[in-house]
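Colleague: coords please:
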Amino acid sequence: MTCRELSEFLDNYLAGELSPDVRGRFDGHLGECPDCVVYLRGYRETVGLLREMGRDLKEEVPADVPVELVRAIVDARKR
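Modeller: Next comes the predicted model:
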């Protein structure tokens, strides 16, 4: 699994919705890539903070925030 592929599975990973095969590849990549471990930690913290704050994501999001991150946060909040 590449770093890019890992980022595409973050939402499903946190929701516990990955198939055993994909979960194994995901975890394997995390075991080899400290950058993705840091990215996952930041992603998880961001989602958690937004849930905690009850922030309304309809507010304007700064332009430098990756679109994929905003989508993933919105999807995670729907759960």
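
Colleague: so where's this structure shaky on pLDDT?
Modeller: Residue ranges of the chain with pLDDT under 70: 52-61, 78-79.

Colleague: strands along that one, start to end?
Modeller: With DSSP state E, there are no strands along the chain.

Colleague: work out which residue lies at the spatial centre of it.
Modeller: Centroid check for the chain by Cα atoms, centre = their mean gives L10 as the closest residue, at 3.8 Å.

Colleague: mind listing what's buried along stretch 66-79?
Modeller: Applying a neighbour-count criterion of 16 or more other Cβ atoms under 10 Å, the buried positions in stretch 66-79 are 69, 72-73, 76. Backbone N, C-alpha and C define where each C-beta goes, glycine included.

Colleague: and which of the residues you listed is nearest G24?
Modeller: Using Cβ to Cβ, A72 comes nearest to G24 of the buried residues of stretch 66-79, at 21.4 Å.

Colleague: contacting residues around the closest one?
Modeller: Counting by Cβ atoms under 8 Å, 6 or more residues apart in numbering, A72 touches 10-11, 43, 47.

Colleague: the same query, at a cut-off of 10 Å, please.
Modeller: A72 is in contact with 7-8, 10-12, 14, 43, 46-47, 66, counting by Cβ atoms under 10 Å, 6 or more residues apart in numbering.

Colleague: also C36?
Modeller: So C36 contacts 1-3, 6-7, 10, 26, 29-30, 43 (Cβ under 10 Å, 6+ apart).

Colleague: from the residues you listed, pick the one nearest V37.
Modeller: Of all the contacts of C36, V37 sits closest to L30, with 5.5 Å by Cβ to Cβ.

Colleague: my read is that the closest one contacts S7, right?
Modeller: No: look at L30 against S7 with Cβ atoms under 10 Å: they stay out of range, at 12.0 Å.

Colleague: cool, thanks, talk later.
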